[in-house]
Every structure is written in structure tokens, then in C-alpha cells.
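Engineer: model this:
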Amino acid sequence: MLQTITVSLSSLHLSTLMPMIVVILGGLGILCIDLIKKDLSKSLYVMLSILVLVIDLGIVLGYNGPSRGMFGMILADGIATLGQIIILVASMLFIPLALTSKRFHEYSYPEFFALFLFMTAGFQFMVATDNLMLIFIGLETASLSLYTIIALHNLEKSFEAAIKYFTMGALAAGFFVFSSMILYGITGSVELHQIAKVVASGNYAMLPLLGAIAFMFAALGFKLSFIPFHTWVPDVYEGASSATAGYISIVPKIAGLIVAMRFFDIFIGAGVTWAYDVLYAIIIITMTFSNIMALVQESVKRMLAYSSISHAGFVMSAVLVNTTAAHNALFLYWIMFTFTNLGAFAMLWISRYKKSKFDAKYDHPYQKFAGMVAIRPIAATIMAIFMLSLAGVPPFALFWGKLYLLGAIINSGNTTLAFLMVINSAIAAYYYLKLIVFMFLREPDRKANVAYMKNASTALKTIVGFSAVVTILSIFTIEPFLEMISSYVVASGF
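Structural biologist: The predicted model follows:
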């Protein structure tokens with residue numbers, strides 16, 4: 001006899017799904033507007049995208065309903081809220097970079113802005129659930145949109161970058177599905193809180209669990225660019241526009257970090273020592289190798305690509321330590337990193353030529369910035385501030401992120417890890433200072449007089465100025481940020 005199952009609409013708590021619905025509807029709305037009226041100004045689509053993101057942020061900040069919805073698949077806890085805030089604010093800061101003074105191919109298509117909103121929704125799904133299947137759907141939604149956005153830059157290098165990123169994403173997706181499948185076979189669930197109960201009870205087969213964690217290491221390794229899964233990441237950055245490369249360095253990584261935090265909390269909290277040891281080794285190898293590779297780069301953009309890999313490894317130490325203080329430091333670090341890296345990549349975007357006049361291979365070789373202070377002293381000073389911040393020099397933004405993160409690690413008793421992180425920070429300082437040396441101590445190339453501000457517009461100058469102000473005056477924002485972060489992290493039980 002068949003049993004009828006009734007589900008009331010109120011029990012679904014659809015309000016938990018509203019942030020993602022708003023962004024998806026915004027993307028569909030842009031496509032519909034283009035169907036009705038062709039060749040509208042890209043400024044309209046930028047403003048519409050920002051409006052949708054502002055509405056979405058308001059919904060996220062104002063939500064005070066149940067923590068779960070949609071049959072328990074959507075998780076609206078403090079970590080999900082904090083992750084969505086970072087994703088939405090970063091997206092709002094990057095989308096105005098479309099308003100360049102020169103015409104670039106991808107921004108002439110309304111589809112770019114629709115894809116950007118779909119991508120944002122995908123990342124929101126990733127952080128707002130602990131269901132492995134919904135994480136996978138969010139991951140693929142965001143990744144497929146991002147592949148297309150990279151290819152829309154319409155250069156030979158862009159097509160190559162999109163194909164390489166697609167290949168990496170396909171491997172990551174396969175590994176993620178394999179891990180989820182094994183975990184379901186072991187625990188009978190794809191929900192992380194249910195998997196945690198089985199792992200804590202010790203009622204599982206060790207060998208399949210080892211395989212599941214290994215596949216998840218690989219999946220997250222591709223998304224967070226851990227060594228040795230980083231292979232094509234610098235090529236992806238080089239082929240993408242500087243604006244898109246900056247976005248890749250920040251938003252996908254915070255989504256991946258939150259997934260890693262939820263996943264590895266299960267095994268580190270349960271005392272699975274070999275998972276801890278493998279993660280420890282990956283963190284050290286990622287930081288060290290990426291820093292060594294950054295030292296020998298000839299392109300500033302490729303240097304920043306390896307830099308972002310190093311920072312991701314640096315921040316993963318908070319997931320390894322797995323304390324409340326470390327998780328607070330993780331989010332503080334990434335907020336500071338967001339403004340600093342946004343400014344650095346925006347400076348590269350401002351100086352973007354359609355045809356490189358300095359190097360046949362790279363758009364932003366170091367030589368391009370030689371003697372920049374003699375030609376554009378303000379621009380050189382701002383770029384130097386971003387480099388000093390990335391190096392962790394006080395009193396700039398990322399110094400405070402590193403300080404709190406190292407403090408949390410030392411307080412947890414991991415002094416060796418903290419020492420290795422300090423050594424890697426010292427190595428990284430060399431390649432950040434290398435660019436400063438080129439800008440301030442090398443002879444200028446007079447044909448570069450226009451190059452530094454070739455792509456400048458009021459919107460780009462505003463974004464760079466805002467990033468610089470936050471980077472310089474970050475000491476005044478640390479306490480408010482920490483209070484906000486701590487309230488969300490504690491509310492999530494981390």
C-alpha cells in the first residue's frame with residue numbers, strides 16, 4: 001500500500017533560499033532585458049548587477065529565521081552568513097571594473113553580467129549548505145560560469161586558460177563525486193553533520209574512509225590551488241583579464257575554504273591523526289613551493305598568481321588548527337586579503353593594453369613598471385602599498401591578518417607551524433619588494449608614459465582608491481571586523 005507524503009510549503013523555509021533566488025532572478029532579468037532591447041550601455045548592466053547584489057546582501061544580513069531549510073539542505077548558520085557577505089561584497093567591488101576607458105570584448109555582452117550573477121549564486125550555494133550534493137551543484141554552477149567568463153576575454157591565451165581551468169574543474173568535480181559516493185556508502189548520508197556523527201562513533205571501515213578523504217583532498221586541492229594541483233593556475237591567471245584573475249584569487253577560494261573548514265572539522269575534531277598529518281604536509285609544501293616559484297617569475301600577474309596560492313596555503317593553517325580563534329583569524333585574514341589583492345589586480349587592469357608593447361609573452365612584465373615613480377608617482381606609491389600589505393608589513397591590512405592568525409596558531413601549541421609560516425612570509429617579502437625596486441630604483445621607460453593609466457576610468461580609480469584607503473587605515477577596522485566575525489563563528493559552533 002502506497003503511503004502519501006505531504007509537505008507543507010511553510011516547512012520548507014524557503015526564506016533560507018532567498019539570497020540565491022534573488023541573484024539567479026537578477027541574471028535571468030538581464031538576459032530578458034537584452035532580448036527586449038539590444039545594445040544597451042554596459043553601465044546599465046553594471047548598475048543592475050550591483051543593485052541585485054546589494055538587495056541580496058540586505059537579505060543575507062537581515063535574515064533571522066530557522067538555520068535550516070529545503071529539507072535540511074540549506075544551512076543558514078553564522079559561517080554561511082559570513083561567507084556570503086565576503087562573496088557579495090567582493091563581487092560588488094569587482095563588477096565596476098567592467099567600466100574601463102577602453103572597450104574590451106567580454107563587457108560588450110549582457111551575458112557576461114548574467115554569468116557573473118549565476119557564478120555568485122553558485123558560490124553562495126557552496127557556503128550555505130553542508131550537503132555534499134548541493135555543494136557539488138554550487139561548485140559546478142559557479143565553475144561553468146567562470147570558464148565562460150574567462151573565455152569571453154577573446155584572446156588566444158584566454159581560450160587556452162578557459163580550457164585548462166575547465167580540465168582542472170572537471171577533475172575536481174570527479175574527485176568530489178567519488179569522495180561523496182564513498183562517504184555515502186560508509187555513513188548512509190551525504191550531509192556533513194550526519195557523517196560527523198558516524199566518524200565520531202568510530203563505526204566505519206578505515207580503508208574506504210581513507211579513499212574518501214584522499215579524493216576530497218584532491219578536489220579541494222584543485223579549487224584552492226594546493227601543490228601539486230596548482231599546475232595550470234598561473235596560466236589561467238595569465239590568460240584571464242586582470243579583473244577576472246583578481247576575482248579568481250579571492251571569491252572561489254573563500255568558498256573552498258569554508259567547504260574545507262566544514263569537511264576537515266569532522267576528522268580533525270574526531271582525532272583522525274593521518275588526516276591532520278596529510279593536511280599539515282600539504283600546507284607547508286603549498287606555501288614553500290609557491291613562494292619559491294614566485295621568486296623566479298618574469299610577469300607581475302604570474303607572481304601574484306603564485307602569491308595567491310601561497311596565501312591560500314597560509315590560511316589553511318587555521319583549518320588545521322581548528323580552534324575558534326583560528327577560524328576568526330581566517331576570516332579576518334581573507335577580508336584584509338580581499339581589499340589588498342583587489343587593489344593590486346585593479347592596478348594591473350588599469351595599465352592593460354590590448355596589445356602588449358613591452359613583452360611578446362606577458363601583458364605585465366616587471367620591466368613595464370621600471371621607473372614608474374618618475375612618471376606616475378601616485379600610482380607607484382599605491383601599488384607599493386599593496387605590495388607591502390601582501391608582504392605583511394605593518395601597519396597595512398594583511399599585517400593584522402597574519403598577526404592574528406599566527407597568534408591563534410601559537411596559542412594552540414603549533415609553534416613549529418607558526419615558525420615555518422614566518423619563514424615563508426620572509427621569502428614572500430622578497431618578490432613583493434622586487435616590484436617596488438623596479439618601480440622606484442630602475443630607470444623609467446619613457447614609452448610607458450601612457451601605459452600606467454591606459455585603461456583608467458573614474459570607476460576603476462574609485463575602486464583602487466577605496467582599496468588603498470582600507471589597506472592603509474585597516475588598524476581602525478580590525479576591532480569592528482573581529483567583533484562581527486566572532487559573533488558569526490561562535491553562533492555556528494566552530
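Engineer: what is the least confident helix or strand in the chain?
Structural biologist: When each helix and strand of the chain is scored by mean pLDDT, DSSP states H and E, strand 68-69 comes last, with a mean of 78.
Engineer: ok, and what's touching that one?
Structural biologist: 12-17, 74-76 (C-beta atoms under 8 Å, 6 or more residues apart in numbering). Every residue, glycine included, has its C-beta placed from N, CA and C.
Engineer: would you confirm that residue 404 contacts residue 327?
Structural biologist: No - using C-beta atoms under 8 Å, residue 404 is not in contact with residue 327; the gap is 11.0 Å.
Engineer: neighbour count: these two, which is higher?
Structural biologist: residue 327 (25 against 22; other C-beta atoms under 10 Å).
Engineer: hang on, isn't the more buried one packed against residue 490?
Structural biologist: No - in this structure residue 327 lies outside contact range of residue 490 using C-beta under 8 Å: 9.4 Å.
Engineer: in the stretch 201-350 of the chain, which spans are helices?
Structural biologist: All helices of the stretch 201-350 of the chain, identified by DSSP state H, counting those that start in this stretch, fall at 206-224, 233-239, 242-248, 251-269, 273-295, 300-321, 324-350.
Engineer: pull the number of nearby residues for residue 480.
Structural biologist: Neighbour count of residue 480, defined by other C-beta under 10 Å: 9.
Engineer: report the secondary structure element holding it.
Structural biologist: Using DSSP states H and E, residue 480 sits in helix 478-491.
Engineer: C-alpha coordinates for that helix, PDB please?
Structural biologist: In PDB, the C-alpha atoms belonging to helix 478-491 read as follows (Å, rounded to 0.1, in the frame of the first residue of the first chain):
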ATOM      1  CA  ILE A 478      40.200  45.500  13.000                       C
ATOM      2  CA  GLU A 479      38.100  45.600  16.100                       C
ATOM      3  CA  PRO A 480      34.700  46.000  14.300                       C
ATOM      4  CA  PHE A 481      35.600  43.200  11.900                       C
ATOM      5  CA  LEU A 482      36.700  40.900  14.700                       C
ATOM      6  CA  GLU A 483      33.500  41.500  16.700                       C
ATOM      7  CA  MET A 484      31.400  40.800  13.600                       C
ATOM      8  CA  ILE A 485      33.400  37.700  12.700                       C
ATOM      9  CA  SER A 486      33.400  36.300  16.200                       C
ATOM     10  CA  SER A 487      29.700  36.700  16.600                       C
ATOM     11  CA  TYR A 488      29.100  34.700  13.400                       C
ATOM     12  CA  VAL A 489      31.700  32.000  14.100                       C
ATOM     13  CA  VAL A 490      30.600  31.400  17.700                       C
ATOM     14  CA  ALA A 491      26.900  31.200  16.500                       C
END
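Engineer: give me the distance between it and the centre of its chain.
Structural biologist: 20 Å (C-alpha atoms, centre = their mean, to the nearest Å).
Engineer: repeat that for stretch 85-99.
Structural biologist: 12 Å.
Engineer: and the nearest residue to residue 155 once chain neighbours are set aside, what is it in contact with?
Structural biologist: With sequence-adjacent residues excluded and distances taken as C-beta to C-beta, 6 or more residues apart in numbering, residue 155 is closest to residue 239, at 7.1 Å. For residue 239, the contacting residues are 150, 153, 155, 157-162, 164, by C-beta under 8 Å, 6+ apart.
Engineer: same question, residue 328
Structural biologist: 404, 408, 482, 485-486, 489.
Engineer: and of the residues you listed, the nearest to residue 271?
Structural biologist: Set against residue 271, the nearest of the contacts of residue 328 by C-beta to C-beta is residue 408 (19.9 Å).
Engineer: gap between the one helix or strand that closest one maps to and the chain center?
Structural biologist: For residue 408, the element it lies in under DSSP H and E is helix 397-411. Counting by C-alpha atoms, centre = their mean, helix 397-411 is centred 19 Å from the centre of its parent chain.
Engineer: follow-up on the earlier one: of the contacts of residue 239, which belong to helices?
Structural biologist: 150, 157-162, 164 (DSSP state H).
Engineer: give me the lowest-pLDDT entry from the residues you listed.
Structural biologist: Among those, residue 157 carries the weakest pLDDT, at 79.
Engineer: and that residue, how far is that from residue 362?
Structural biologist: 10 Å (C-beta to C-beta, to the nearest Å).
Engineer: shared neighbours, the two?
Structural biologist: By C-beta under 8 Å, 6+ apart, residue 157 and residue 362 have these common neighbours: residue 238.
Engineer: I would like the residues contacting stretch 162-170, please.
Structural biologist: Contacts for stretch 162-170 (C-beta under 8 Å, 6+ apart): 143, 146-148, 150-151, 222, 229, 232-233, 235-236, 239.
Engineer: then stretch 135-148?
Structural biologist: Applying C-beta under 8 Å, 6+ apart, the contact partners of stretch 135-148 are 115-116, 118-126, 129, 162, 165-166, 169, 172-173, 176-177, 180, 223, 248, 252, 255, 259.
Engineer: in PyMOL, how would I select just the buried ones from the residues you listed?
Structural biologist: Burial among the contacts of stretch 135-148 is assessed by 16 or more other C-beta atoms under 10 Å; the matching PyMOL selection reads:
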select buried, resi 115+116+118+119+120+121+122+123+124+125+126+129+162+165+166+169+172+173+176+180+223+248+252+255+259
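Engineer: which ones among the contacts of stretch 135-148 are found in helices?
Structural biologist: Among the contacts of stretch 135-148, the members falling in helices (DSSP H) are 115-116, 118-126, 162, 165-166, 169, 172-173, 176-177, 180, 223, 248, 252, 255, 259.
Engineer: for the residue lying closest to residue 179 once chain neighbours are set aside, give me its contacts.
Structural biologist: Leaving aside its sequence neighbours, residue 179 sits nearest to residue 215 (C-beta to C-beta, 6+ apart; 3.7 Å). For residue 215, the contact set (C-beta under 8 Å, 6+ apart) comprises 175-176, 178-179, 182.
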